[in-house]
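> Just a sequence and a predicted model for now, questions to come.
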Amino acid sequence: MPAYGGESKTYGGTLQLRHSSYFHDTFLDETSVALQSSVRKGDPYLVLPSARVRVNSDFADGTAGVQMLSFGGNSQLPSDQDTRSAQIANTISWISLDNKHRFKLATDFRYNRFYQSNTQNSLGTYVYNSLEDFQNNLPASFTRRLGTNRRLGDDLTRVALV
């Protein structure tokens, strides 16, 4: 099992209903209802602090290389996002008998709601300057987010047009 990675899942869907009809021979009524949902979730493979170690290498051909190795938990996970919305729209149109004029009365109601939980680096990240420092448990730094970052919000929009 990969240690540093994680798994992300995304789900979503939309449902829309639409109805149109004439009444009194000159009025067109159009109504639509829509629901939408989107969910994204990310979880680390391991729930552990993350660690990075700088590895210096000298190669046989005289060249050198530096690489950072990452292991432990994934500091960017877990994360959650949930967005939902609903809309109801209605338009009533009067159409002249010669089809040259059209007057509309439209209403639109929308409700949006979102939730985000971003708890990046909640268990911390150790950084080591060498494999020797890692072996002796001498980190160069340790960082950690102490609070969680959660946001919840919604809005309602109402529109009427003539």
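Cool, got the structure. Numbers count the residues shown, from 1 in each chain.
> Cross-check the contact I'm expecting between Asp43 and Pro78.
Yes. The pair Asp43 and Pro78 passes the contact test of Cβ atoms under 8 Å, sitting 5.2 Å apart. Backbone N, C-alpha and C define where each C-beta goes, glycine included.
> Which one of these two is surrounded by more residues?
Pro78 (17 against 14; other Cβ atoms under 10 Å).
> what about that one, distance to Asn136?
Using Cβ to Cβ, to the nearest Å, Pro78 is found at 31 Å from Asn136.
> same deal with Thr148?
33 Å.
> just for this structure, where's the confidence low?
Where the chain drops to pLDDT under 70, the residues are 1-3.
> In this protein, which residue is most central in space?
Central residue check for the chain by Cα atoms, centre = their mean: the C-alpha nearest the mean position is that of Gln81, 4.7 Å away.
> which stretches of this protein form strands?
Counting by DSSP state E, the chain has strands at residues 6-23, 27-44, 50-58, 64-72, 79-95, 102-118, 125-128, 141-143, 149-161.
> hang on, isn't Ser20 packed against Asn90?
No. Contact status for Ser20 versus Asn90: not in contact, 10.8 Å apart, counting by Cβ under 8 Å.
> what about those two, which has more around it?
Regarding Ser20 and Asn90, a neighbour count based on other Cβ under 10 Å identifies Asn90 as having more, with 15 against 10.
> if I look at that one, how far off is His24?
Distance of Asn90 to His24, computed by Cβ to Cβ: 16 Å.
> Ile88 too?
Relative to His24, and taking Cβ to Cβ, Ile88 is found at 23 Å.
> Going by how many neighbours each has, rank those two and give me the top one.
Under the criterion of other Cβ under 10 Å, the comparison of Ile88 against His24 puts Ile88 first, with 14 against 6.
> Near Arg54, how many other residues are there?
Arg54 is flanked by 16 other residues according to other Cβ under 10 Å.
> Quickly list what it is bridged to.
Met68 (DSSP bridges).
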